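1. Provided below for reference: sequence and predicted model.
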Amino acid sequence: MNTLDDVDVKGRKVILRTDINLPVEDGHPNKTVRFDRYMETIQELSDRGAKTLVVAHQGRPERDDFISLEEHVEMVSEELGQDTVFINSFFGSELDEEFENLEKGEVALLENIRLLSEELESASSEQHSKDLFIENLAEKADLYVNDAFSVAHRAHASVMGFEPLLESIAGRVMQQELENCRKIREELEEPLLVLGGEKPSDIIGVIEELVEKTDKILLGGIPGELSLIIKGNNLGEKREWIEKNGLDEEKETLERLLDNHGDKIIVPVDVETGQSSKKPGKIGGEEMVWDIGRETASNYAEEIKNAETVLMKGPMGAFDQGHGNGTRKIVEAIAESEGFTVLGGGHTSSLVQRFGHSLDDFSHVSIAGGAFVRFMSGEELPAVKSLEKYS
Ligand code: 3PG
């Protein structure tokens with residue numbers, strides 16, 4: 001796979017697919033480790049005199065984190081120390097002129113690409129290369145750089161479609177994450193899995209793949225709460241929230257896994273409702289569940305202490321809404337572990353610093369969530385496959 005080491009970018013018009021999908025609190029994006037890492041590639045392209053059009057997404061339609069990239073542009077400008085152009089149309093003269101008029105070293109950011117419906121369709125590179133947006137933009141560019149390792153598990157238009165049409169290479173994050181994750185995958189023996197976050201669909205594959213190789217899988221976050229619902233607990237308003245956000249779509253698969261591997265898959269014994277830690281069966285109809293409870297956090301921390309290898313993905317609760325105690329305790333236990341420890345997740349990676357730890361307290365911290373765990377479980381990532389084919 002070719003990288004930024006193999007090409008001269010000076011004066012060339014580059015389409016850079018990056019992933020500055022950030023946690024959103026009260027409608028505003030928060031800078032994370034992920035942002036800092038992806039900024040390094042943008043900075044390098046700018047320093048080397050490329051004319052860079054950055055393509056990125058934020059959230060998903062109908063979710064609270066689906067917002068414009070207007071504030072991201074300010075963050076990028078601040079980080080680069082130069083004005084970044086914001087382009088909020090996907091077709092037409094504004095886009096053409098802004099891209100055409102970029103000077104060497106200048107950077108423009110396109111509005112949230114998931115506003116385009118064809119972006120979210122899963123298709124092959126060849127199919128996506130016929131999308132109108134991809135065809136139009138590819139005609140105006142000289143080089144495509146795919147840096148978005150954390151979106152590489154999605155067969156979406158902007159991570160797949162440019163490659164058959166343009167010279168294509170991997171960006172720095174893609175290059176480094178692939179290198180590190182490949183090494184870790186080889187070294188990963190019988191890990192204790194700590195799986196949370198918002199998307200059960202992200203962790204189902206890793207459970208299926210690694211359940212035989214592990215003694216225990218500790219569930220938190222939405223996967224833990226969905227498991228409690230499957231086991232017959234009501235969970236108050238959280239149940240409706242999970243359904244409303246479509247996070248129960250893998251319910252049947254998770255149910256089958258719990259039935260078949262109930263001895264290995266551990267679910268929370270208590271949860272945090274805001275007022276206190278409660279047993280799952282004691283949650284009132286109007287109560288909200290925010291986090292794993294105190295007893296669960298202590299039990300999980302003890303398991304981590306005794307494990308030689310730990311792989312964690314996703315926070316244990318809604319840390320971005322002020323409910324970070326469970327996650328804090330788990331991250332602390334992992335940071336203190338003498339074993340081989342790997343953290344993944346766009347939001348998890350930023351928690352390391354938020355909780356006062358350094359990235360060096362862990363064997364590896366990945367800025368990717370779904371892509372990271374899928375890669376670890378041996379799944380082929382469509383965007384990586386496509387980059388390997390065309391670069
Ligand atoms: C992530 O945060 O894992 C990536 O940006 C992909 O986001 P998605 O799960 O909404 O596709």
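-> That came through, no problem.

2. what pLDDT does residue 346 get?
-> For residue 346, the model assigns a pLDDT of 79.

3. surely it meets residue 369?
-> Yes: using CB atoms under 8 Å, residue 346 is in contact with residue 369, at 5.1 Å. For glycine as for every other residue, the C-beta is placed from the backbone atoms N, C-alpha and C.

4. overlap of the contact sets of these two?
-> Jointly contacting residue 346 and residue 369 under the rule CB atoms under 8 Å, 6 or more residues apart in numbering are residue 150.

5. what's the distance between the residue nearest to residue 208 when sequence neighbours are not counted and residue 226?
-> Counting by CB to CB, 6 or more residues apart in numbering, residue 257 is the residue found nearest to residue 208 once chain neighbours are left out, at 7.0 Å. The gap separating residue 257 from residue 226 is 11 Å, by CB to CB, to the nearest Å.

6. who touches the residue nearest to residue 208 in this structure?
-> Counting by CB under 8 Å, 6+ apart, residue 257 touches 204, 207-208, 211, 265.

7. go again with 10 Å.
-> Residues in contact with residue 257 (CB atoms under 10 Å, 6 or more residues apart in numbering) are 204, 207-208, 211, 217, 227, 230, 250, 264-265.

8. which residue would be the closest one in this protein to the ligand?
-> Relative to the ligand, the nearest point of the chain is residue 21 (3.5 Å; CB to the nearest ligand atom).

9. next, that residue: phi, psi?
-> Dihedral pair for residue 21: phi -70, psi 110, per degrees, to the nearest 10.

10. format the contacts of residue 257 as a markdown table; extra columns: secondary structure.
-> As requested, those are exported to a markdown table (DSSP: H, G, I helix; E, B strand; the rest coil):
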| residue | secondary structure |
| --- | --- |
| 204 | helix |
| 207 | helix |
| 208 | helix |
| 211 | helix |
| 217 | strand |
| 227 | helix |
| 230 | helix |
| 250 | coil |
| 264 | coil |
| 265 | strand |
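
11. buried subset of those residues?
-> 204, 207, 217, 227, 230, 250, 264-265 (16 or more other CB atoms under 10 Å).

12. of all those residues, which two lie farthest apart?
-> Across these, the longest distance by CB to CB is 17.9 Å; it joins 250 and 264.

13. in stretch 228-240, what counts as buried?
-> For stretch 228-240, a neighbour-count test (16+ other CB under 10 Å) marks 228-230, 233-239 as buried.

14. buried residues in the helix or strand of the chain with the lowest mean pLDDT?
-> With mean pLDDT, DSSP states H and E as the measure, the helix or strand of the chain carrying the lowest mean pLDDT is helix 346-354 (a mean of 81). Across helix 346-354, burial judged by 16+ other CB under 10 Å covers 346-352, 354.

15. returning to what we had before: the residue nearest to residue 208 belongs to a helix, doesn't it?
-> Yes: with the criterion set as three-state DSSP, the secondary structure at residue 257 is a helix.

16. pLDDT wise, what is it at?
-> Looking at residue 257, its pLDDT reads 97.

17. and what of the one 4 residues further on?
-> pLDDT, residue 261: 97.

18. spatially nearest residue to it, not counting backbone neighbours?
-> The shortest distance from residue 261 to any non-neighbouring residue, by CB to CB, 6+ apart, is to residue 211 (5.2 Å).

19. up against the ligand, what does the stretch 151-300 of the chain have?
-> Neighbours of the ligand within the stretch 151-300 of the chain, by CB under 6 Å from any ligand atom: 151, 154.

20. quick one, helices of the stretch 151-300 of the chain?
-> Secondary structure of the stretch 151-300 of the chain, counting by DSSP state H, counting those that start in this stretch: helices at 157-160, 172-187, 200-210, 221-230, 236-244, 251-260, 294-305.

21. let me have those in JSON lines, adding distance to residue 45 as columns.
-> Shown next, in JSON lines, are the helices of the stretch 151-300 of the chain (distance: least, CB to CB, whole Å):
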{"stretch": "helix 157-160", "distance to residue 45": "17"}
{"stretch": "helix 172-187", "distance to residue 45": "10"}
{"stretch": "helix 200-210", "distance to residue 45": "29"}
{"stretch": "helix 221-230", "distance to residue 45": "35"}
{"stretch": "helix 236-244", "distance to residue 45": "40"}
{"stretch": "helix 251-260", "distance to residue 45": "41"}
{"stretch": "helix 294-305", "distance to residue 45": "39"}
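
22. quick one, which of the ones you listed is packed in tightest?
-> helix 157-160 (a mean of 28; mean count of other CB atoms under 10 Å).
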